[in-house]
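Enquirer: Sharing a model that was predicted from the sequence below.
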Amino acid sequence: MAISFYEKGELSSGFHGWRVVATIRGKRYQKYFSLKRPNTRITQELWHKYQKTRARYYDARYMARSAAIQYLDFIGKNHPTTRPCRGVGFQGITLGIGTGKSAAEETCHFSVNKRGAATKFYIDQEAPLSQAWDRAVCHWGEVFDVRPKDIAKKLKQVPSPDQFKFLRKHLNEQEGFDYPVSVLHYVYAEQRSHLEKQKVRETTKGEVDREDLLTMYTILERQVSEFRK
């Protein structure tokens, strides 16, 4: 966005006044505010102030429109430079696999990419997929000043464990890494737990239904299964 002022005689076209120019999503917008009075009943000073005010108004309007569109793009689509298989559908958070200060072993994580201060939220025994996502999104909302209602929507959009599966495949096949299948263990933990509890409900015909009893029964079933192996 920019306002340019042209004195009388400065342009060969004869125009003198203000020009407001803006480029939004690659499209160029411009508007002219001439100092040539429509009639002599309006004083030159009054017309000058009027056109100057209009130019400033349109510049502010373009700026507001640009900011709104940038925000909608930020929360609604991956950044153009997001690398393959890492996007989550909006900007500021990406998927990753690797080690870091909080993880000695190779682990899946969400990265909140604040420039110069990226923060990783690891998916592990203490923080399953949904919990790591909650922490990442809340931090994302704070550092990028996202509206509460948009944070609430993103909290519900937990990425599928399969997205990390595809990321691992891409990294190994296209980027020269050699991550073992075990890096996905905690990513699928909640899904496995859900399936196990569903199986328990079916096996016990609904007799075991309380969450704590389901968890205990599931653990016992798993231990028995491992013992038989």
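Expert: Arrived safely.

Enquirer: what comes up buried for the helix ranked longest in the chain?
Expert: Longest helix of the chain, by residue count under DSSP state H: helix 44-76. For helix 44-76, burial by neighbour count (16 or more other Cβ atoms under 10 Å) applies to 47, 51-52, 55, 58-59, 62, 66, 75. C-betas here are computed from N, CA, C, even on glycine.

Enquirer: Tell me the helix or strand right after it.
Expert: Counting by DSSP states H and E, the next helix or strand C-terminal to helix 44-76 is strand 93-100.

Enquirer: What residues sit buried inside that following strand?
Expert: Buried-residue list, strand 93-100, by 16+ other Cβ under 10 Å: 93-98.

Enquirer: same check, this time on stretch 111-118
Expert: 111-113.

Enquirer: Am I right that residue 110 sits in a helix?
Expert: No - using DSSP: H, G, I helix; E, B strand; the rest coil, the secondary structure at residue 110 is strand, not a helix.

Enquirer: That one: neighbour count?
Expert: Residues within reach of residue 110, counting by other Cβ atoms under 10 Å, total 25.

Enquirer: Report the beta-bridge partner residues of it.
Expert: Residue 110 has these beta-bridge partners by DSSP bridges: residue 95, residue 121.

Enquirer: surely it meets residue 133?
Expert: Yes - with contact defined as Cβ atoms under 8 Å, residue 110 reaches residue 133; the gap is 6.3 Å.

Enquirer: so which of the buried residues of stretch 111-118 comes closest to residue 33?
Expert: The shortest approach to residue 33 among these belongs to residue 113, at 40.9 Å (Cβ to Cβ).

Enquirer: so what's that closest one scoring on pLDDT?
Expert: Looking at residue 113, its pLDDT is 96.

Enquirer: give me every residue that touches the closest residue to residue 82 other than its chain neighbours.
Expert: Leaving aside its chain neighbours, residue 82 sits nearest to residue 94 (6.4 Å; criterion: Cβ to Cβ, 6 or more residues apart in numbering). Residue 94 makes contacts with 82-83, 86-88, 110-111, 113, as judged by Cβ atoms under 8 Å, 6 or more residues apart in numbering.

Enquirer: how does the chain divide into domains?
Expert: Domain segmentation of the chain under automatic domain parsing yields 2-76, 93-184, 189-228.

Enquirer: least reliable of those domains going by mean pLDDT?
Expert: Averaging pLDDT over each of these puts domain 189-228 lowest, since it has a mean of 59.

Enquirer: rewinding a little: name the residues contacting each of residue 110 and residue 133.
Expert: residue 121.

Enquirer: still on that earlier bit, distance check, the residue nearest to residue 82 against residue 24.
Expert: 26 Å (Cβ to Cβ, to the nearest Å).

Enquirer: What are the boundaries of the helices in the protein?
Expert: With DSSP H as the criterion, the chain has helices spanning 44-76, 129-143, 148-155, 161-174, 189-203, 211-228.

Enquirer: Of all the ones you listed, which one comes closest to residue 33?
Expert: helix 44-76 (4.2 Å).

Enquirer: which other helices and strands contact that closest one?
Expert: strand 2-6, strand 17-24, strand 27-34 (3 or more Cβ pairs under 8 Å, 6 or more residues apart in numbering; DSSP states H and E).

Enquirer: Fine by me, thanks again.
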